[in-house]
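Engineer: need the 3D shape of this:
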Amino acid sequence: IEGLKFKTSFNFDLINYNTLDYTNPKIGPALENGGGSSRLNSRTFSWTWNNIASYDKSIGDHHFNVLAGMEAYSYRYDELTASRTKMAQPDMPELVVGSQLTGGSGYRIDYALVGYLTQALYDYQNKYFFSASFRRDGSSRFAEGNRWGWFPSFSGAWRVTNEDFIQGTAFNEVVTDMKVRGSWGMLGNQQIGNDYYPYINTYATNAKYPFDNKVSGGAVQTENKIQDISWEKTTTWGAAVDMTLFNELQVTLEYYNRKTTGILMQVNVPNTYGYPGYWDNVGAMRNQGLEVSLAWHKTLGGVQLNFGGNFTYNKNEILSLGNVDVQKDARTIRMVGKEFNAFYGYKSDGIFQSKEEIANAPKYTMISNDRLIPGDIKLVDINGDGEINPDDKVILSSENPKYTFAFNLGARWKMFDINLFFQGAA
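Structural biologist: Residues are numbered from 1 along each chain as shown. Got it, this is the predicted structure:
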């Protein structure tokens, strides 16, 4: 069928890893414990399979492209370890030679993803563009009934300079190409660190219980998880203008608004809960900003010149942290209404100039004022209670820059060229 294409690809990775650590029983400290031997055997096997079918068709001024596909991914990891001491033969590192078992363990990890996608593209006279796509993804990280997520997206664009009422005008002499576009879409995320089974309660089998005046082995639950967790969802909408000026300078202005809900995070629990925090879809965050990019190319007298630059402004805001409004660690804070991972600490006000200034300073609770000397940092008593203590800590800045920028300059003449690149953040 004309216009119909199909592509399939399959690849896999297989890694076998084996180690042997051996301590000769007749050398050094091993003389006392009879030496030892330990082994680790592991195998990692993963495969990816992609299938894409597309159909492309033009009917007069109408152009269509339809795509459907499936992608699957599987991962498995097996590990086995064992160790023994009191080796009977000094030149035989095999475990069977050791008479005392000192350790042994083994475990397996299974993880799988599968996704189905469809996409439809349409344009009319290279002026009006529309697209729609739908994804359905499933992850083994979630329990049955919560494994699947739907993620649609839509976009549209209008090439203004292809309109008859624009072509040949004074505007078109300056703006030789211009496209206005907008989009709305949703994506999912199922990554939860190294927890491949975040919905399954875990148990330890090394617990000890007293029964009939004897200590017996048993199992104990170590984590209490919930089964209704599912995909994080990020919804993004935006609008942009792409322009070419004087057939030389490309300019793009783009606004985006990205909101992530159901962020998978560990819920803070009281000590009386008896278990560590569990994963749940409780977080929410918004990022919105503006991106500007420029690109210029020109040839003057055999010299090819080029310039490129981009500028980005991003505002980040935490919308929800679940059952708390604040989370702190040693140097950062996460607070609803503020930026993610903002730096949190004491505000400085210069340095002490004299012992008299130290004597009149608020009382430092983390260090005795007697140990302060001229040249030490002077901290601000934010709440005015006459003491410098943790209540005086404030948000100072964020580890995420609000502004980023970069630009490059280049020139080429015959076989010689030079390029300069600059970047920064604030």
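
Engineer: which parts of the protein are helices?
Structural biologist: Ranges of helices within the chain are 30-33, 170-174, 355-359, based on DSSP state H.

Engineer: so can I have CSV of these showing mean pLDDT, distance to residue 379 and mean neighbour count?
Structural biologist: (Each C-beta comes from the backbone N, C-alpha and C, glycine too.) Converted to CSV, those look like this (pLDDT from 0 to 100; distance: least, C-beta to C-beta, whole Å; neighbours: other C-beta atoms under 10 Å):
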stretch, mean pLDDT, distance to residue 379, mean neighbour count
helix 30-33, 69, 54, 12
helix 170-174, 93, 56, 12
helix 355-359, 90, 12, 13
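
Engineer: which one of those lies nearest to residue 286?
Structural biologist: helix 170-174 (36.3 Å; C-beta to C-beta).

Engineer: give me every residue that touches residue 375.
Structural biologist: Residue 375 sits next to 351-352 when contact means C-beta atoms under 8 Å, 6 or more residues apart in numbering.

Engineer: what's the neighbour count on the residue found closest to residue 128 once you drop the neighbours it is linked to in the chain?
Structural biologist: Leaving aside its sequence neighbours, residue 128 sits nearest to residue 158 (C-beta to C-beta, 6 or more residues apart in numbering; 6.0 Å). For residue 158, the neighbour count with other C-beta atoms under 10 Å is 14.

Engineer: residues in contact with residue 158?
Structural biologist: Per C-beta under 8 Å, 6+ apart, neighbours of residue 158: 127-129, 179-181.

Engineer: mind checking which of these land in strands?
Structural biologist: Among the contacts of residue 158, the ones falling in strands (DSSP state E) are 128-129, 179-181.

Engineer: can you put those in a markdown table and add pLDDT?
Structural biologist: A markdown table is the format used below for the ones in strands among the contacts of residue 158 (pLDDT from 0 to 100):
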| residue | pLDDT |
| --- | --- |
| 128 | 97 |
| 129 | 97 |
| 179 | 97 |
| 180 | 97 |
| 181 | 97 |
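
Engineer: give me the number of residues near the nearest residue to residue 332 once chain neighbours are set aside?
Structural biologist: The shortest distance from residue 332 to any non-neighbouring residue, by C-beta to C-beta, 6+ apart, is to residue 341 (4.6 Å). Residues lying near residue 341 (other C-beta under 10 Å) number 17.

Engineer: isn't residue 341 right up against residue 335?
Structural biologist: No: Residue 341 lies out of contact with residue 335 (C-beta atoms under 8 Å); the separation is 10.3 Å.

Engineer: shaky segments in this protein?
Structural biologist: 29-31 (pLDDT under 70).

Engineer: show me the contacts for the residue nearest the centre of the chain.
Structural biologist: Nearest to the geometric centre of the chain sits residue 191, at 8.5 Å (C-alpha atoms, centre = their mean). Residues near residue 191 by C-beta under 8 Å, 6+ apart: residue 264.

Engineer: use 6 as the first number from now on
Structural biologist: Fine by me, first position is 6 from now on; the one you just mentioned is residue 196.

Engineer: quick one on the thing from earlier: just put the helices of the chain in a markdown table and tack on distance to residue 297.
Structural biologist: Formatted as a markdown table, the helices of the chain follow (distance: least, C-beta to C-beta, whole Å):
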| stretch | distance to residue 297 |
| --- | --- |
| helix 35-38 | 67 |
| helix 175-179 | 19 |
| helix 360-364 | 47 |
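
Engineer: bridging residues for the closest residue to residue 412 other than its chain neighbours?
Structural biologist: Among residues not flanking residue 412 along the chain, residue 314 sits closest, at 3.4 Å (C-beta to C-beta, 6+ apart). Beta bridges link residue 314 to residue 299, residue 412 when assigned by DSSP bridges.

Engineer: what's the distance between residue 314 and residue 297?
Structural biologist: Residue 314 is 8 Å from residue 297, where distance means C-beta to C-beta, to the nearest Å.

Engineer: so the residue nearest to residue 412 is in contact with residue 410, correct?
Structural biologist: Yes: judged on C-beta under 8 Å, residue 314 makes contact with residue 410 at a distance of 7.3 Å.

Engineer: returning to what we had before: please indicate which of the ones in strands among the contacts of residue 163 are buried?
Structural biologist: Neighbour-count burial (16 or more other C-beta atoms under 10 Å) applied to those gives 134, 184, 186.

Engineer: tell me the contacts of the residue nearest to residue 337?
Structural biologist: 337-339, 403-405.

Engineer: cool, and residue 230?
Structural biologist: 203-207, 283-284.

Engineer: relative to residue 208, how far out is it?
Structural biologist: 12 Å.

Engineer: swap in residue 88?
Structural biologist: For residue 88, the distance to residue 208 equals 24 Å [C-beta to C-beta].

Engineer: how about the contacts made by residue 224?
Structural biologist: By C-beta under 8 Å, 6+ apart, the neighbours of residue 224 are 208-210, 212.

Engineer: let's see it at 10 Å
Structural biologist: If you count contacts by C-beta atoms under 10 Å, 6 or more residues apart in numbering, residue 224 has them with 208-212, 214.

Engineer: and for residue 404?
Structural biologist: 336-337, 344-348.

Engineer: same check on residue 231?
Structural biologist: Counting by C-beta under 10 Å, 6+ apart, residue 231 has contacts 148, 203-204, 206, 272, 283-286.

Engineer: any idea which of these is closest to residue 45?
Structural biologist: Once C-beta to C-beta is applied, the member of these that ends up nearest residue 45 is residue 203, at 26.3 Å.

Engineer: tally up the residues packed near the residue nearest to that closest one when sequence neighbours are not counted, please.
Structural biologist: Spatial nearest neighbour of residue 203, chain neighbours left out: residue 284 (4.4 Å); criterion: C-beta to C-beta, 6+ apart. Residue 284: 19 surrounding residues under other C-beta under 10 Å.
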